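Asker: Based on what follows, work out the 3D shape:
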Amino acid sequence: MSLHAQPSVPSVPEETVRVAHAAFPRGNPYLTLRDDLGSAFVDKDFNDLYPKRGRPTYPPWRLALVTLLQFREGLSDRQAAEAVRARIDWKYLLGLDLTDAGFDHSVLTEFRGRLLAGGGPRNAS
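Answerer: Numbering: from 1, shown residues only. Reported below is the predicted structural model:
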């Protein structure tokens, strides 16, 4: 897997915004987090963890957020991957289309292994 870094974190798709705000008219912590802070990570924070060549990986800034949400909610890798597929608030925070199928749960194990082996994300700012 290689990192094909996006220059910036994409905005939340319009349909995801519309549905999320309809589903959570009084707000939701994950919607507030995205609206107030954007993304806590960007792909370039993870440049050192991935080779320059190879099949593209799932964006690591998203995997980092999923890992934090997973820990916060006490979810297994399978449950976290399912939440990416099924939960509107997670899709909003991650900037995903409502139809995004997410990733296989094994990607989280690989990502954590890269973090441990590489010493974690690098803040380029």
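Asker: Next up, phi/psi of residue 114, please.
Answerer: Main-chain dihedrals, residue 114, degrees, to the nearest 10: phi -60, psi -40.
Asker: Next one: the residue lying closest to residue 60 once chain neighbours are set aside, what pLDDT does it get?
Answerer: The shortest distance from residue 60 to any non-neighbouring residue, by Cβ to Cβ, 6 or more residues apart in numbering, is to residue 46 (3.9 Å). For every residue, glycine as well, the C-beta is placed using N, CA and C. Looking at residue 46, its pLDDT reads 75.
Asker: now residue 46, what's its secondary structure?
Answerer: helix (DSSP: H, G, I helix; E, B strand; the rest coil).
Asker: any weak-confidence spans in this protein?
Answerer: 1-8, 39-40, 43, 45, 47-48, 50-57, 119-125 (pLDDT under 70).
Asker: Helix, strand or coil: sort out residue 100 for me.
Answerer: Under three-state DSSP, residue 100 comes out as coil.
Asker: Can you tell me how far it is from residue 12?
Answerer: According to Cβ to Cβ, to the nearest Å, residue 100 stands 12 Å off from residue 12.
Asker: Neighbour count: those two, which is higher?
Answerer: residue 12 (20 against 14; other Cβ atoms under 10 Å).
Asker: can you pull the contacts of the more buried one?
Answerer: 20, 34, 92, 95 (Cβ atoms under 8 Å, 6 or more residues apart in numbering).
Asker: Report how many residues lie close to the last one.
Answerer: The one in question is residue 95. What residue 95 shows, counting by other Cβ under 10 Å, is a neighbour count of 21.
Asker: The contacts of residue 12 in helices, which ones?
Answerer: Taking DSSP state H as the definition of helices, the contacts of residue 12 contribute 20, 34, 92.
Asker: Of the contacts of residue 12, just say which sits nearest to residue 72.
Answerer: Lowest distance from residue 72 to the contacts of residue 12 (Cβ to Cβ) belongs to residue 34, with 14.7 Å.
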